[in-house]
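Chemist: With the sequence up front, the predicted model follows.
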Amino acid sequence: MNSSINKRANFIRYSAIENMDNNLLAFENKLSVNGIDVKWISNEEELCNCIKSGFPKAHFNKVCFDLPEIPEEMTNTNNLIKSILVEDLENNIESADYLITYANFGLVDTGSLVVFNHQSRNCFNKVDHIIFILNINNLIAKSSDLGIILSLYDRDKVYGNQQSVNIISQPFNKIICNNYQFDQGDSYSTQKVNITVLLYDNGITEILDNVKLRETLYCINCGNCEKVCPVYKLNHKYSPINLVKKNAFNRNRKSSDVFENTTLCGNCDKVCPVLIPFTNLLVSEMENVSNNDHDDNWRDFGKTMTSRSEERRVGKECR
């Protein structure tokens with residue numbers, strides 16, 4: 001890794017997180033000026049209720065989802081939603097009223113959204129309404145720093161085969177064909193596509209309140225840590241970043257998962273482009289659990305470590 005770029009990226013993320021309150025307010029204001037609606041969402045239940053409350057029809061609202069994982073509640077809606085495949089929308093096989101997707105980052109100084117390599121990138125002007133979900137920690141204060149952040153990803157992660165990065169600063173215009181005009185007047189018209197940004201907390205403020213775990217919010221979701229983790233390679237249960245953050249939501253700090261899903265090999269420390277100190281954070285979380293549950297978890301951890309020779313071998317292969 002290029003240490004100077006990594007240090008700069010670490011500072012960019014540090015600045016965004018430490019000034020999150022001001023950044024969020026400034027970002028909301030910029031979005032509104034740009035004609036984009038903004039709503040604040042706390043958790044998944046509120047997210048689903050917010051989305052469903054915006055549907056105009058009682059049944060069969062045609063919705064296209066482009067999300068890593070669709071909330072289960074959105075798939076159990078008693079005919080409220082007719083789900084449209086992205087491929088069908090893109091190829092004009094089906095139409096949709098709504099597109100629900102996510103933004104990778106928000107640029108505070110311009111009030112813009114950054115999305116890269118989205119499956120639905122060619123469909124933004126084919127719907128009446130787009131809802132972008134943006135985690136509140138995924139902000140970049142200055143648009144001039146975006147290039148540094150994007151340079152930290154594998155090229156395929158950002159660009160894919162189509163080399164697509166979209167900067168969205170204002171609503172799109174949807175083209176509507178007027179099939180019955182014949183030769184009288186224009187054969188098409190345009191209609192503004194309404195854009196709503198849901199600023200999604202989903203436990204992020206809980207992590208923000210923890211001085212030690214706050215560094216996990218620097219994560220840019222590059223996926224590097226899970227690629228080199230020997231435990232994740234075997235069980236695909238928790239990536240290192242998710243393992244550290246998991247206990248932040250367990251107020252009693254008694255989950256033994258942090259003991260059972262790491263070898264403390266340090267591979268993730270070496271590949272993190274924003275310099276998150278995974279090993280230190282994992283050890284700190286182990287101490288939190290141990291202090292709340294006496295020495296039982298440390299004894300269990302010792303037993304677990306003695307049976308990890310195979311996982312350590314896999315870890316070396318990942319390097």
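Modeler: Perfect, I can see it now.
Chemist: All the strands of this protein, in order from the start?
Modeler: Secondary structure of the chain, counting by DSSP state E: strands at 37-41, 61-65, 81-84, 98-102, 105-107, 112-116, 129-135, 139-140, 165-168, 173-177, 188-192, 194-200.
Chemist: of those strands, which approaches residue 18 most closely?
Modeler: Across those, residue 18 has its closest neighbour in strand 139-140 (11.4 Å, Cβ to Cβ). Backbone N, C-alpha and C define where each C-beta goes, glycine included.
Chemist: measure the spatially closest residue to residue 79 that is not a sequence neighbour to residue 49 for me?
Modeler: Take residue 79 and drop its neighbours on the chain: the residue closest to it by Cβ to Cβ, 6 or more residues apart in numbering is residue 59, 5.0 Å away. For residue 59, the distance to residue 49 equals 18 Å [Cβ to Cβ, to the nearest Å].
Chemist: what does residue 69 give?
Modeler: Going from residue 69 to residue 49 by Cβ to Cβ gives 18 Å.
Chemist: got it, and residue 170?
Modeler: 27 Å.
Chemist: before we move on, back to that, wait, the residue nearest to residue 79 touches residue 80, no?
Modeler: Yes - Residue 59 lies in contact with residue 80 (Cβ atoms under 8 Å); the separation is 6.5 Å.
Chemist: neighbour-wise, which of these two wins?
Modeler: Taking other Cβ atoms under 10 Å, residue 59 and residue 80 do not tie; residue 80 has more neighbours (15 against 11).
Chemist: Isn't the more buried one up against residue 61?
Modeler: Yes - using Cβ under 8 Å, residue 80 is in contact with residue 61, at 6.4 Å.
Chemist: Quick check: neighbours shared by these two?
Modeler: Common contacts of residue 80 and residue 61 (Cβ atoms under 8 Å, 6 or more residues apart in numbering): residue 55.
Chemist: Tell me which of the strands of the chain approaches residue 240 most closely.
Modeler: Residue 240 sits nearest to strand 129-135 of all those, at 18.2 Å, using Cβ to Cβ.
Chemist: Other residues contacting the closest one?
Modeler: Contact with strand 129-135 is made by 41, 47, 51, 54, 67, 97-103, 105-106, 113, 115, 124, 168, 172, 193-200, 202, 204, as judged by Cβ under 8 Å, 6+ apart.
Chemist: ChimeraX command to pick out the buried ones of the residues you listed?
Modeler: Selection of buried members from the contacts of strand 129-135 for ChimeraX, criterion 16 or more other Cβ atoms under 10 Å:
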select :41,47,51,97,98,99,100,101,102,103,105,106,113,115,124,168,172,193,194,195,196,197,198,199,200,202,204
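Chemist: In contact with the nearest residue to residue 141 once chain neighbours are set aside, which residues?
Modeler: Nearest residue to residue 141 in three dimensions, chain neighbours excluded: residue 108, at 4.9 Å (Cβ to Cβ, 6+ apart). Residue 108 makes contacts with 16, 23, 26, 27, 30, 139, 140, 141, 142, as judged by Cβ under 8 Å, 6+ apart.
Chemist: Out of the strands of the chain, flag the one nearest residue 92.
Modeler: strand 173-177 (10.7 Å).
Chemist: just for this protein, where's the confidence low?
Modeler: Residue ranges of the chain with pLDDT under 70: 1-2, 155-163, 177-187, 247-255, 292-319.
Chemist: Quick check: residue 198 touching residue 39?
Modeler: Yes - counting by Cβ under 8 Å, residue 198 does reach residue 39; the two are 5.3 Å apart.
Chemist: how long is stretch 15-23 end to end?
Modeler: Distance across stretch 15-23, first residue to last, is 10 Å (Cα to Cα, to the nearest Å).
Chemist: Would you indicate which residues of it are buried?
Modeler: Buried positions in stretch 15-23, judged by neighbour count with 16+ other Cβ under 10 Å: 15, 16, 17, 20, 23.
Chemist: For the last one, give its distance to residue 4.
Modeler: This points to residue 23. Residue 23 sits 24 Å away from residue 4, going by Cβ to Cβ.
Chemist: what does the first one give?
Modeler: Residue 15 is 17 Å from residue 4, where distance means Cβ to Cβ.
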